[in-house]
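Q: Please find the sequence and the predicted model below.
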Amino acid sequence: MYSRLKNLFFIGCLCTSTACLSAQTSYPITVTDASQHPLTLTTMPTQVDSKSMFSDQVLMALLPLKNITSLSRLSKDPTYSIIADKIPETLPLRDLNVERIIAERPDLVLVASWSDGPKIAQLRAAGINVFVIKTVYSLKNIEQNILLVGKLVNKNAAAMAVVDKMNTKLKQQVIIPQHKLTAIEYTPWGASSNHNSTINTIISHAQLNNVIANTNGDKFGQVPIAKEQLLALNPDVIIIPGENNNGFKQQLLHDPALQTLTAIRDRRVISLPHSLRSTDSQYIADAIIYLNHKVYQSHVHPSIH
């Protein structure tokens with residue numbers, strides 16, 4: 001009964017009390033992860049393994065390097081990782097390698113909800129503490145994920161500081177326009193993203209209205225968009241993925257079928273680097289500010305339609 005009450009107290013603190021979030025984690029704690037698996041940590045983890053970009057980015061902000069056993073390989077790729085230049089060569093980069101993890105026996109392994117289920121089951125069968133982090137899209141849920149990781153590794157105050165810094169940056173740096181422009185993400189494969197995506201969060205908090213936010217898509221929030229639909233939607237801004245995607249940008253700008261589009265006419269086709277577009281950690285604030293400034297600083301007198 002005591003253990004159950006303690007777990008309920010933890011959940012309540014996580015959701016409602018800043019003072020509690022800043023307090024020390026009291027072990028043992030039991031927390032149910034995104035796979036509905038209850039994980040009990042009897043002591044504070046001192047060796048933590050990360051196998052997702054989210055946990056890579058959060059742990060690098062919370063823990064000393066000596067407490068991180070490895071990060072995911074993608075975290076070192078500058079195309080997709082915003083922390084690539086912050087990772088020292090001495091920090092191992094590995095995928096979800098069951099044999100290696102069992103041999104090293106870290107105190108905690110953090111994985112994403114899309115990670116390989118059978119491998120997670122193998123690790124748990126070997127007595128490894130694995131926590132599956134739910135993939136989320138809204139700012140509020142991203143903040144909750146950061147605080148949850150902070151709670152697991154007893155870095156509550158540091159996690160709260162990360163969230164506070166996020167919100168301060170957004171409050172101080174986002175330009176609030178007199179009139180919001182409309183926008184759509186448009187990919188080289190002819191798709192966009194609805195509300196079930198981080199790109200929608202980036203667009204909306206950058207003070208833009210995503211014209212297909214409420215359109216049905218697949219489980220990843222992807223919505224197929226034909227040129228005819230693009231013309232009918234007529235967004236003020238088109239966002240394309242990738243920093244070095246000038247070929248696709250020029251293709252759009254010079255496509256004879258798209259010349260009546262407001263975004264094409266006003267030359268508002270904006271490239272959003274993959275490292276910003278794909279982030280679901282505290283760095284989503286940087287993505288929001290980047291897009292906001294690209295739109296509202298680049299045009300002194302934007303057209304409003």
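A: Ah, there it is. Since the model is a prediction, treat every value here as computed from it, not as a measurement. Numbering: from 1, shown residues only.
Q: Quick one: the strands in the chain, in order.
A: For the chain, the strands defined by DSSP state E occupy 29-32, 38-41, 48-50, 68-70, 108-112, 130-133, 181-185, 191-193, 208-210, 222-224, 237-241, 269-272.
Q: In JSON lines: those strands, plus mean neighbour count and mean pLDDT.
A: In short, each C-beta sits where N, CA and C put it, glycine included. As requested, those are exported to JSON lines (neighbours: other CB atoms under 10 Å; pLDDT from 0 to 100):
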{"stretch": "strand 29-32", "mean neighbour count": "16", "mean pLDDT": "96"}
{"stretch": "strand 38-41", "mean neighbour count": "14", "mean pLDDT": "96"}
{"stretch": "strand 48-50", "mean neighbour count": "27", "mean pLDDT": "97"}
{"stretch": "strand 68-70", "mean neighbour count": "22", "mean pLDDT": "96"}
{"stretch": "strand 108-112", "mean neighbour count": "24", "mean pLDDT": "97"}
{"stretch": "strand 130-133", "mean neighbour count": "24", "mean pLDDT": "97"}
{"stretch": "strand 181-185", "mean neighbour count": "24", "mean pLDDT": "97"}
{"stretch": "strand 191-193", "mean neighbour count": "25", "mean pLDDT": "91"}
{"stretch": "strand 208-210", "mean neighbour count": "22", "mean pLDDT": "97"}
{"stretch": "strand 222-224", "mean neighbour count": "17", "mean pLDDT": "88"}
{"stretch": "strand 237-241", "mean neighbour count": "23", "mean pLDDT": "96"}
{"stretch": "strand 269-272", "mean neighbour count": "20", "mean pLDDT": "95"}
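Q: Make TSV out of the ones you listed and add distance to Gln144.
A: Shown next, in TSV, are the strands of the chain (distance: least, CB to CB, whole Å):
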stretch	distance to Gln144
strand 29-32	12
strand 38-41	17
strand 48-50	18
strand 68-70	22
strand 108-112	15
strand 130-133	11
strand 181-185	25
strand 191-193	22
strand 208-210	23
strand 222-224	25
strand 237-241	26
strand 269-272	25
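Q: Domains of this protein: list them as residue ranges, please.
A: Structural domains assigned to the chain are 2-169, 174-296, following automatic domain parsing.
Q: Least reliable of those by average pLDDT, please.
A: Lowest mean pLDDT within the domains of the chain: domain 2-169, a mean of 89.
Q: rewinding a little: of all the strands of the chain, which one is nearest Gln173?
A: Closest approach to Gln173 among those (CB to CB): strand 208-210, 15.5 Å.
Q: same for that closest one, what does it pack against?
A: Helices and strands touching strand 208-210, by 3 or more CB pairs under 8 Å, 6 or more residues apart in numbering; DSSP states H and E, are strand 181-185, helix 198-205.
Q: for those, which one sits closest to Ser113?
A: Among these, the nearest to Ser113 by CB to CB is helix 198-205 (14.0 Å).
Q: got a list of contacts for that closest one?
A: 137-139, 170, 174, 183, 185, 193-194, 209-210, 213, 221, 239, 272, 276-280, 284, 287-288, 291-292 (CB atoms under 8 Å, 6 or more residues apart in numbering).
Q: Report the separation between Val237 and Leu152.
A: 39 Å (CB to CB, to the nearest Å).
Q: Can I have the buried ones of the contacts of helix 198-205 as a ChimeraX selection?
A: Buried residues among the contacts of helix 198-205 (16 or more other CB atoms under 10 Å), as a ChimeraX selection:
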select :137,139,170,174,183,185,193,194,210,213,221,239,272,276,277,278,279,280,284,287,288,291,292
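Q: if you look at the contacts of helix 198-205, which of them are in helices?
A: Of those, the ones assigned to helices by DSSP state H are 139, 170, 276-277, 284, 287-288, 291-292.
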